[in-house]
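Peer 1: Here is a sequence with its predicted model. Questions after.
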Amino acid sequence: MNVYTNLKSDCYKILHTPIWLIHVIIPLIGISLFIGYYSISPWDETAKLSAYLQALAVVFPVLIGIITALFSELEQGAGGFQTILSYATAKSLPHISKLLILILLGLFSALLALVGFGTVFIKMGYIRQNLLFYGETAVLLWLSVMPLYLLHYLVSFRFGKGFSIGLGIVGTLLGALLLTGLGDVIWPYLPWGISSRFAEMLLTAKLSNGAFLQARDVINGGSFIFIYTFLFTTILVLSFNKWEGRKSDD
């Protein structure tokens with residue numbers, strides 16, 4: 001079986017699980033809550049937009065932890081990972097397929113959360129940013145959390161859902177902490193702080209007609225996204241080629 005066949009099979013599986021629905025419902029709930037509050041809030045447009053972007057970026061790690069944990073549990077429930085373990089060679093191949101599905105669902109969810117919010121926000125009269133900004137921010141956030149998808153997927157399948165969700169909670173708390181002055185120096189080197197900082201920097205660049213790539217530490221942050229993605233991908237491939245399943249439940 002090749003990657004395309006695996007992708008097709010996994011897509012059919014996803015359609016019969018709540019995972020795809022979670023990627024739709026959670027962004028819609030978030031949009032509704034923030035729009036409802038912003039309709040009565042006295043904050044100015046920039047403060048409202050900044051708060052939404054920061055909240056979205058900070059909550060990403062725990063959501064990734066939950067989603068990857070659910071995906072792992074579904075595979076374990078379907079014959080104890082037998083679909084994956086049945087591969088005589090290249091056991092990492094089905095994992096790559098499943099990761100691609102999760103990552104693409106993450107992109108869809110990010111676009112829905114931001115473009116959907118932006119559409120309503122603009123209709124409310126907040127027009128300093130156009131829909132292109134919301135689309136760009138969604139893609140930027142998605143790229144920024146790419147290493148977290150790999151890390152949480154590895155943790156979910158190797159150690160169980162409790163570890164993945166726990167790591168996601170810690171990552172969310174750490175991401176919020178890195179938004180403060182305590183994270184001014186170290187945020188480019190930690191995958192939990194890059195997404196929120198990048199979103200804020202993009203907004204600042206748009207408001208000041210500046211260049212996002214010229215902002216301080218953006219290149220460092222981008223470099224470490226690449227480094228972490230490469231590192232976690234390498235560990236995942238090497239680890240799952242010898243993986244024999246997880247026998248104990250958490």
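Peer 2: Sure thing, it's come through.

Peer 1: And Ser32, how far from Ala138?
Peer 2: 18 Å (CB to CB, to the nearest Å). To be clear about C-beta, it is placed using only N, CA and C from the backbone, and glycine gets the same treatment.

Peer 1: So which of those two has more stuff around it?
Peer 2: Shown here are Ser32 and Ala138; by other CB atoms under 10 Å, Ala138 has more neighbours (24 against 13).

Peer 1: What residues does the more buried one make contact with?
Peer 2: Shown in contact with Ala138 (CB atoms under 8 Å, 6 or more residues apart in numbering): 107, 110-111, 113-115.

Peer 1: what do you get for Glu73?
Peer 2: By CB under 8 Å, 6+ apart, the neighbours of Glu73 are Lys161.

Peer 1: That one sits in which helix or strand?
Peer 2: Using DSSP states H and E, Glu73 sits in helix 45-77.

Peer 1: Would you mind listing the buried residues in that helix?
Peer 2: 48-50, 52-54, 56-76 (16 or more other CB atoms under 10 Å).

Peer 1: Could I get the contacts of Ala138 in CSV, plus columns for distance to Trp43?
Peer 2: As requested, the contacts of Ala138 are exported to CSV (distance: CB to CB, whole Å):
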residue, distance to Trp43
Leu107, 29
Ala110, 23
Leu111, 25
Ala113, 19
Leu114, 18
Val115, 21
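
Peer 1: which of those residues count as buried?
Peer 2: Buried members of the contacts of Ala138, counted by 16+ other CB under 10 Å: 110-111, 113-115.

Peer 1: out of those, who's nearest Arg158?
Peer 2: For the buried ones among the contacts of Ala138, the closest approach to Arg158 (CB to CB) belongs to Ala110, at 26.0 Å.

Peer 1: Surely the closest one touches Glu136?
Peer 2: No - if you go by CB atoms under 8 Å, Ala110 and Glu136 don't touch, sitting 11.1 Å apart.

Peer 1: can you map out the helices along the chain?
Peer 2: Taking DSSP state H, the helices of the chain run over residues 3-15, 19-38, 45-77, 82-85, 92-123, 131-144, 146-159, 161-178, 191-207, 218-240.

Peer 1: quick one: contacts for the nearest residue to Ser109 once chain neighbours are set aside?
Peer 2: Distances taken as CB to CB, 6 or more residues apart in numbering place His23 nearest to Ser109, at 4.1 Å, with adjacent residues excluded. His23 makes contacts with 67, 105-106, 108-109, 112, as judged by CB under 8 Å, 6+ apart.

Peer 1: Dump those residues to CSV, plus distance to Tyr228.
Peer 2: Output for the contacts of His23, formatted as CSV (distance: CB to CB, whole Å):
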residue, distance to Tyr228
Ile67, 19
Leu105, 20
Gly106, 16
Phe108, 23
Ser109, 21
Leu112, 25
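
Peer 1: wait, which of those residues is closest to Lys13?
Peer 2: For the contacts of His23, the nearest to Lys13 is Leu105 (12.4 Å; CB to CB).

Peer 1: Excluding covalently adjacent residues, which one is nearest to that closest one?
Peer 2: His23 (4.8 Å).

Peer 1: For His152, see how far away the one you found is.
Peer 2: His23 is 15 Å from His152, by CB to CB.

Peer 1: If you average pLDDT per helix and strand, which one of this protein comes out bottom?
Peer 2: helix 82-85 (a mean of 58; mean pLDDT, DSSP states H and E).
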